[in-house]
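# Below is the sequence, then the predicted model.
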There are 2 protein chains.
Amino acid sequence: MSEVKIIEIKKSIFEGNNRKAAVLRDELKRRGCFLLNIMSSPGSGKTTAISAIAERLRGRYKIGVIEADIESDVDAAALNEQGVDAVQLHTGGMCHMDADMMKEGLDKLGRDYDLIILENIGNLVCPADFDLGAVINLVMLSVPEGHDKPLKYPGIFEISDALVISKIDVLPYFRFDMDKLRESVLANNGDIKIFSVSAVTGEGMDAFCGWLEEQIDRWKNS
Amino acid sequence: MSEVKIIEIKKSIFEGNNRKAAVLRDELKRRGCFLLNIMSSPGSGKTTAISAIAERLRGRYKIGVIEADIESDVDAAALNEQGVDAVQLHTGGMCHMDADMMKEGLDKLGRDYDLIILENIGNLVCPADFDLGAVINLVMLSVPEGHDKPLKYPGIFEISDALVISKIDVLPYFRFDMDKLRESVLANNGDIKIFSVSAVTGEGMDAFCGWLEEQIDRWKNS
């Protein structure tokens, strides 16, 4: 298959997805349902962070979680055990969520939520290309992954509204340069909001959740 | 675009890639050039491991490294500084290497090597689908990522000849169950060879490099 043909196919897939995501965004707005899309590498701490967010905000919002994985139900099961409503989606080998799968997840979860959190597939590349109708796109980067990741995977840091640096409790054991990270992220996305958290010690989680509440309230009143 | 159409396109891409990889594998065999394909999530320690392998095996083999990234030259530059021949490939947004890009990298590196190491794009999903003509496909998983990754990203653990568990120096700071990891990997791939290493302390690197030498010698004599 020629490169031109592949580019044409990709363009057609992205355009189709964007149209569907726009429809989804309107529908979620009508329902008063705020969608947060969390993206990261595998093992950056997405599930643990979602659990910590749910713990802090469940008094204020009816929270539902959509867990996307290629296989396995361990994440949804762990959240359910904690009393958080979560459904599991299997992408069947696909390396990202798209608007069709997002709709499927929303239908599976049901309508009774005002904050829906999507845990996207663990991947710093492909999810950046697919609008899912989320109000906030969030990228998480854990300290053990290293501060150079925005140089190598720039796309996802450019399209995100927030960056959450996770696992800061292990900072003493890694050569992680917070200033270099901030500098390289802000160079390509001056509007991104940056948080540092540890879901283990709880550090930074209140500040992040406070900001998220502000975003939800502003969106509801817009 | 219909799902059937997408599946047809994917099938055609995979088949075309497999044909090209087979040609590449034959050519590398004729040249006596052993190709090792290293895959992992972003930030698992691929570059550091390659640097440690080069340090140990450079006396015995002429080693060349191909660094694949979406953007940036930091990895190739770091290896060059250490005196290791390395070239950088930019995939321009692509989330994996394919046989065409592999050929481009091999041409760029030149013919004068008997061990070529590819650092694939940091991604636990897509690289599993693309044969590159390598003799050994290796997946690396770092301790901070967690022992549950083979449940969620099974494909890459199924197609790999070796699993290298990296960053074992930080085991005390993470809840990482080595037995559970081994069990879930071996359940789907009984032939995989498992190593535990720390590039920081050097632990396990000699055992891994000894095994790699055996593979190279066996292949040269086959």
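In hand now; what should we look at?
# neighbouring strands for the one helix or strand A:Ile38 maps to, and are they parallel or not?
Per DSSP states H and E, A:Ile38 falls inside strand A:34-40. If you go by DSSP bridges, strand A:34-40 pairs up with strand A:115-119 (parallel), strand A:136-142 (parallel).
# show me what contacts A:Ile168?
A:143, A:196-198, A:203-204 (CB atoms under 8 Å, 6 or more residues apart in numbering or on different chains). Glycine gets a C-beta too; all of them are placed from N, C-alpha and C.
# Rebuild the residues you listed as JSON lines, extending it with secondary structure, neighbour count and distance to A:Pro150.
Converted to JSON lines, the contacts of A:Ile168 look like this (DSSP: H, G, I helix; E, B strand; the rest coil; neighbours: other CB atoms under 10 Å in any protein chain shown; distance: CB to CB, whole Å):
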{"residue": "A:Val143", "secondary structure": "helix", "neighbour count": "26", "distance to A:Pro150": "14"}
{"residue": "A:Ser196", "secondary structure": "strand", "neighbour count": "19", "distance to A:Pro150": "15"}
{"residue": "A:Val197", "secondary structure": "coil", "neighbour count": "26", "distance to A:Pro150": "18"}
{"residue": "A:Ser198", "secondary structure": "coil", "neighbour count": "21", "distance to A:Pro150": "20"}
{"residue": "A:Glu203", "secondary structure": "coil", "neighbour count": "13", "distance to A:Pro150": "22"}
{"residue": "A:Gly204", "secondary structure": "coil", "neighbour count": "17", "distance to A:Pro150": "19"}
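# tell me which of these is nearest to chain B?
Chain B lies nearest to A:Val143 out of the contacts of A:Ile168, by CB to the nearest CB, at 8.1 Å.
# Does the closest one touch A:Leu171 like I think?
Yes: contact criterion CB atoms under 8 Å: A:Val143 and A:Leu171 qualify, at 5.6 Å.
# Against which helices or strands is whichever helix or strand comes after the strand holding A:Ile38 packed?
Of the helices and strands lying after strand A:34-40 in sequence (DSSP H and E), the nearest is helix A:46-57. Packing contacts for helix A:46-57, counted by 3 or more CB pairs under 8 Å, 6 or more residues apart in numbering or on different chains; DSSP states H and E, involve strand A:34-40, strand A:63-69, helix A:74-81, strand A:115-119, strand A:162-166, helix A:205-220.
# please redo it, this time with the cut-off set to 6 Å
helix A:205-220 (3 or more CB pairs under 6 Å, 6 or more residues apart in numbering or on different chains; DSSP states H and E).
# who's in contact with the helix it packs on?
Helix A:205-220 is contacted from outside by A:34, A:52, A:56-57, A:135-136, A:195, A:197, using CB atoms under 6 Å, 6 or more residues apart in numbering or on different chains.
# Tell me how far that helix lies from the chain's centre.
15 Å (CA atoms, centre = their mean, to the nearest Å).
# Tell me the buried residues in it?
For helix A:205-220, a neighbour-count test (16 or more other CB atoms under 10 Å in any protein chain shown) marks A:205, A:208-209, A:212, A:215-216 as buried.
# longest helix of chain A?
helix A:3-31 (DSSP state H).
# mind pulling up the phi and psi values for A:Gly204?
phi 80, psi -10 (degrees, to the nearest 10).
# Give me the nearest residue to it, chain neighbours excluded.
Computed as CB to CB, 6 or more residues apart in numbering or on different chains, the closest residue to A:Gly204 that is not its neighbour in sequence is A:Val197, at 3.7 Å.
# Quick one: name the residues of chain A near chain B.
Within reach of chain B by CB under 6 Å from any CB of the partner chain, chain A has these residues: A:1, A:41-43, A:69-72, A:74, A:95, A:123-126, A:144-146, A:148-149, A:151-154, A:170, A:173.
# so where's chain A uncertain?
A:1-7 (pLDDT under 70).
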